[in-house]
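In: what shape does this take:
(one chain, ligands or ions: 1)
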Amino acid sequence: MSTAPTPSVLDPLTVRGVAFPNRIVISPMQQYAGTPDGMPTDWHVRHLSTYAAGGAGLVFTEALGICPEGRLTWGDIGAWNDQQTAPLARLAEVIAAHGAVPGAQINHAGRKGSVQRPWHGFEPMSQADVALRGEHPWETVSASALPANPGWPTPRAIGRDEIRRSLEQFAAATARVRKAGFQALNIHGAHGYLIHSFLSPLSNQRDDEYGGSLENRMRYALEVADAARSEWPSDLPIFFRLSCIDDVDGGWTLDETVTLSRAFADHGVDVVDCSSGGLGRRTTTAVVRREPGYQVPYAERVRRDTGMRTMAVGLIREPALAEAIVADGRADFVAIGREALFNPHWPAQAAVTLRGPDAFDGWPPAYGWWLKVRSRTLAVSQAAAE
Ligand SMILES: Cc1cc2nc3c(=O)[nH]c(=O)nc-3n(C[C@H](O)[C@H](O)[C@H](O)COP(=O)(O)O)c2cc1C
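Out: As a prediction, this is how the structure comes out:
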């Protein structure tokens with residue numbers, strides 16, 4: 001009896017028509033380095049191209065706002081107007097030029113918008129920010145008029161016409177990133193932003209067809225998926241990021257994530273990107289301890305129970321852990337975030353750790369040739385010392 005070979009995180013994988021050279025992904029990470037009108041800068045070029053040269057199979061941009069009010073901060077970049085398409089195309093181009101598949105994430109920040117950059121406090125903006133930086137706050141919207149955190153401004157409950165408009169904005173942003181040359185799309189349905197605010201019963205207290213039952217709370221997420229798919233070619237994959245649990249009493253549950261993930265299959269979504277939390281700041285003691293791979297069980301459960309492909313993320317730092325996640329069939333992709341900030345060459349280095357010095361042949365030759373020679377020199381010197 002023949003058995004299927006055990007997959008490796010370093011193996012290529014094709015989803016729809018896109019061939020990923022390996023299964024290591026750079027998770028979307030906002031840089032707060034855009035211009036006030038939401039244009040990327042040289043920092044984004046450097047940031048993203050370094051990860052592509054560092055050996056990742058897929059590099060996602062940070063969350064791109066689908067409208068100016070869909071940003072978190074004045075430093076966020078976006079895909080809400082046609083002038084943004086050319087600079088976004090430059091980002092897709094440098095990622096592809098350095099060997100990775102270029103991916104773009106789109107988002108509406110909802111009630112978590114209009115905040116300061118993290119290092120300015122990460123609090124809702126006020127008149128003080130106008131005085132200090134000329135950056136004014138804006139009115140936020142959410143599923144219901146409930147603030148993200150105690151003391152935060154109360155968002156306006158988004159109206160039916162605005163919901164329709166936001167779906168058009170998700171579709172238009174998708175069309176722009178497609179035109180820019182990105183080959184994977186990530187819809188941000190996690191971390192307390194607009195889509196997540198519809199999913200969680202803690203933030204959604206609507207009494208129309210978008211609130212109440214699970215079917216109603218899922219409606220907006222599925223409509224966003226449809227809107228994006230209507231502009232995204234059938235040979236390119238869509239990832240959908242979810243907070244698989246709110247990790248707060250009475251919040252969104254893993255069972256609900258499983259139900260939504262099953263529904264995704266009929267709405268053009270290919271990969272469930274399994275994150276968690278972020279509805280507001282933590283209001284109860286953390287149920288799930290933040291330890292390496294703490295969100296992997298969500299990816300595993302979704303994959304097992306729905307047959308959807310999944311991406312695992314969260315404190316994955318050891319190559320052996322990334323390898324085991326894929327080899328054990330717990331996820332199809334492994335994403336890294338902060339570890340990439342620490343070491344942008346983590347994927348290429350993981351290949352050497354897992355496969356030995358011959359993996360330097362997969363590095364850009366200007367680095368790999370020298371490092372392979374160095375590894376031989378070091379081996380000789382170590383043997384002499386023993
Ligand atoms: C600087 C920074 C910016 C982030 N921005 C985003 C973002 O734009 N979109 C998103 O979905 N997650 C964002 N995240 C979350 C990461 O994608 C990732 O899920 C999280 O950092 C956990 O993975 P890690 O432990 O490997 O860092 C951000 C994280 C960091 C550290």
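In: can we go C-alpha only for contacts and neighbour counts from here?
Out: Fine.
In: how about the residues of the stretch 251-386 of the chain near the ligand?
Out: 313-316, 336-339 (CA under 6 Å from any ligand atom).
In: would you show me how to pick out the buried ones of the residues you listed in PyMOL?
Out: Burial among these is assessed by 16 or more other CA atoms under 10 Å; the matching PyMOL selection reads:
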select buried, resi 313+314+315+316+336+337+339
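In: now stretch 177-188 - C-alpha only, PDB.
Out: Only the C-alpha atoms of stretch 177-188 are listed here, as PDB (Å, rounded to 0.1, in the frame of the first residue of the first chain):
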ATOM      1  CA  VAL A 177      -4.800  45.200  -6.200                       C
ATOM      2  CA  ARG A 178      -5.500  42.800  -9.000                       C
ATOM      3  CA  LYS A 179      -4.500  45.500 -11.500                       C
ATOM      4  CA  ALA A 180      -1.400  46.200  -9.400                       C
ATOM      5  CA  GLY A 181      -0.300  42.600 -10.000                       C
ATOM      6  CA  PHE A 182      -0.900  40.900  -6.700                       C
ATOM      7  CA  GLN A 183      -1.600  37.200  -6.900                       C
ATOM      8  CA  ALA A 184      -3.100  36.300  -3.500                       C
ATOM      9  CA  LEU A 185      -5.700  38.300  -1.700                       C
ATOM     10  CA  ASN A 186      -6.200  38.400   2.100                       C
ATOM     11  CA  ILE A 187      -9.500  39.700   3.400                       C
ATOM     12  CA  HIS A 188      -9.100  40.900   7.000                       C
END
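In: quick check: mean pLDDT of it?
Out: Regarding stretch 177-188, the rounded mean pLDDT is 98.
In: then stretch 323-341?
Out: Mean predicted confidence for stretch 323-341 is 98.
In: on the pLDDT front, check the residue in the stretch 1-150 of the chain that the ligand sits nearest to for me.
Out: Of all residues in the stretch 1-150 of the chain, the one sitting closest to the ligand is Met29 (3.3 Å; CA to the nearest ligand atom). Looking at Met29, its pLDDT reads 98.
In: for it, which non-adjacent residue is closest in space?
Out: Nearest residue to Met29 in three dimensions, chain neighbours excluded: Glu62, at 4.6 Å (CA to CA, 6 or more residues apart in numbering).
In: what about the one you found, which helix or strand?
Out: For Glu62, the element it lies in under DSSP states H and E is strand 58-65.
In: so the residue of the stretch 1-150 of the chain closest to the ligand, which state does it fall into?
Out: Three-state call for Met29 (DSSP: H, G, I helix; E, B strand; the rest coil): coil.
In: how many neighbours does it have?
Out: 18 (other CA atoms under 10 Å).
In: before we move on, back to that, give me the number of residues near the residue nearest to Met29?
Out: Counted with other CA under 10 Å, residues neighbouring Glu62 total 24.
In: which residues does the residue of the stretch 1-150 of the chain closest to the ligand contact?
Out: 61-63, 337 (CA atoms under 8 Å, 6 or more residues apart in numbering).
In: what do you get for Gly192?
Out: Shown in contact with Gly192 (CA under 8 Å, 6+ apart): 109-112, 148, 277-280.
In: gap between it and Met218?
Out: Using CA to CA, to the nearest Å, we find Gly192 at a distance of 14 Å from Met218.
In: residues in contact with the residue nearest to Met29?
Out: Glu62 touches 28-31, 104-105, counting by CA under 8 Å, 6+ apart.
In: and for Pro68?
Out: 38, 78, 80.
In: out of the residues you listed, list just those in helices.
Out: With DSSP state H as the criterion, helices contain none of the contacts of Pro68.
In: buried only: go through those residues for me.
Out: 38, 78, 80.
In: out of those, which are close to the ligand?
Out: Of the buried ones among the contacts of Pro68, not one also sits near the ligand (CA under 6 Å from any ligand atom).
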